[in-house]
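> next one to model:
(one chain, ligands or ions: 2)
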Amino acid sequence: VIDQDTKIVFNRKVALKTFLMGLKSADIAAHASPGQFVMVRTGHGMDPLLRRPFSLCGIKKDDLFLILYRVVGRGTERMSRMREGEKVSVLGPLGKGFELPEPRSLSILVAGGIGIAPLIFLAQAARNNMIFLTGYRSISEIVPLGQLGLTRVEPSIATDDGTAGYSGLVTELLESHLTESVEEPDEIFACGPIQMLKRIQALTMEHEITCSVSLEANMACGLGACQGCAIRALKNRHKIYQHVCADGPVFDVHTLDWESL
Ligand SMILES: Cc1cc2nc3c(=O)[nH]c(=O)nc-3n(C[C@H](O)[C@H](O)[C@H](O)COP(=O)(O)OP(=O)(O)OC[C@H]3O[C@@H](n4cnc5c(N)ncnc54)[C@H](O)[C@@H]3O)c2cc1C
Ligand code: FES
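Ligands and ions are numbered 1, 2, ... in the order given. Here you go, the predicted structure:
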């Protein structure tokens, strides 16, 4: 794991309360894979609780890694005010990411809100056929994928309030695909709110499709040392604890105890 002071190359607004930050580190960029995350120090002082987890959203030019974040509280508010040239302490890349899909396969990527971040990196790294379903609350939150360098896939959009694309939930778009399309996907990848992931778990179970999800949890250390991010999983029908930071954040959807989540 790399613990480094990285320089902010840019930090720009891309949608409502949503920012894209580019940070310089050849070491982190070289070791990063889709689904992994970094812990960013969002304040001064020694308190480890000042670090916040963010998925890697991509790498550029071999020495730059990207974070796409939404302002929700104190730490992300501070980040949004950081300027080009400032230095930020970053720990990472951490956790287990997605297994890249086979080149000849068909994947469906399902993103809910800012959960799109790790899926953008996955879409850029993979070489297979892809359908990208993205859901937002409203038109103002839509992340412009072209601006982020993702031109390979044209995303389908759903908004809760019907201001853009399909009016309704992104999981309804997924359900239509699974029931109406001729070609069944080989695998589904998802990241977003827990209710969305629960619905995807049910749908992929019903259609018997492999599915990997990236989970969020409160994280203090990010290294498997504090127990803060423990969740319940199932192994051979027994409940076991897993750390989202070290065993995940990407899990096989069918191995988690969804009733406890
Ligand atoms: C593996 C992982 C990857 C993530 N990737 C992204 C990403 O790519 N983009 C993005 O915008 N957000 C991502 N998050 C969520 C992000 O970490 C939180 O939004 C951020 O920590 C909030 O910090 P804050 O100080 O602004 O908010 P706070 O004032 O601390 O809290 C505001 C809200 O954020 C939640 N939160 C606070 N601290 C954490 C924490 N350490 N971990 C998780 N949730 C927290 C709280 O439950 C609360 O609802 C990810 C979380 C995890 C666990
Ligand atoms: S965040 Fe400390 S164990 Fe996972």
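> which strands or helices does the top strand by length along the chain pack on?
The strand that spans the most residues within the chain, counting by DSSP state E, is strand 2-15. If you count contacts as 3 or more C-beta pairs under 8 Å, 6 or more residues apart in numbering; DSSP states H and E, strand 2-15 packs onto strand 18-24, helix 26-31, helix 74-80, strand 87-94. Where C-beta positions appear, they are placed from N, C-alpha and C, glycine not excepted.
> will you turn these into a markdown table that also has distance to Val170, mean neighbour count and mean pLDDT?
A markdown table is the format used below for the helices and strands packed on strand 2-15 (distance: least, C-beta to C-beta, whole Å; neighbours: other C-beta atoms under 10 Å; pLDDT from 0 to 100):
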| stretch | distance to Val170 | mean neighbour count | mean pLDDT |
| --- | --- | --- | --- |
| strand 18-24 | 17 | 21 | 98 |
| helix 26-31 | 30 | 17 | 96 |
| helix 74-80 | 23 | 16 | 93 |
| strand 87-94 | 27 | 20 | 95 |
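> and those: which comes nearest Pro103?
The minimum distance between Pro103 and those falls on helix 26-31, with 22.8 Å, by C-beta to C-beta.
> beyond the closest one, next helix or strand please.
strand 37-41 (DSSP states H and E).
> what mean pLDDT does that following strand get?
Mean pLDDT, strand 37-41: 96.
> that one and ligand 2, are they touching?
No - Strand 37-41 stays clear of ligand 2 (C-beta under 6 Å from any ligand atom), getting no nearer than 8.7 Å.
> at the contact with ligand 1, which residues of the stretch 1-150 of the chain appear?
Within reach of ligand 1 by C-beta under 6 Å from any ligand atom, the stretch 1-150 of the chain has these residues: 37, 52-55, 68-70, 72-76, 114, 117.
> closest to ligand 2 out of the helices and strands packed on strand 2-15?
strand 87-94 (9.2 Å; C-beta to the nearest ligand atom).
> paired strands for whichever helix or strand comes after that closest one, with orientation please.
The helix or strand immediately downstream of strand 87-94 is strand 106-112, counting by DSSP H and E. Paired strands of strand 106-112, with direction, are strand 129-136 (parallel), strand 187-191 (parallel) (DSSP bridges).
> what about strand 106-112, distance to the chain center?
Distance of strand 106-112 from its chain centroid, counting by C-alpha atoms, centre = their mean, to the nearest Å, is 11 Å.
> returning to what we had before: in the longest strand of the chain, which residues are buried?
Ile2, Gln4, Thr6, Ile8, Val9, Asn11, Ala15 (16 or more other C-beta atoms under 10 Å).
> give me the contacts around that strand.
Contacting residues not belonging to strand 2-15 are listed as 19-25, 27-28, 31, 64, 68, 79-80, 82-93, 140-144, 147-148 [C-beta atoms under 8 Å, 6 or more residues apart in numbering].
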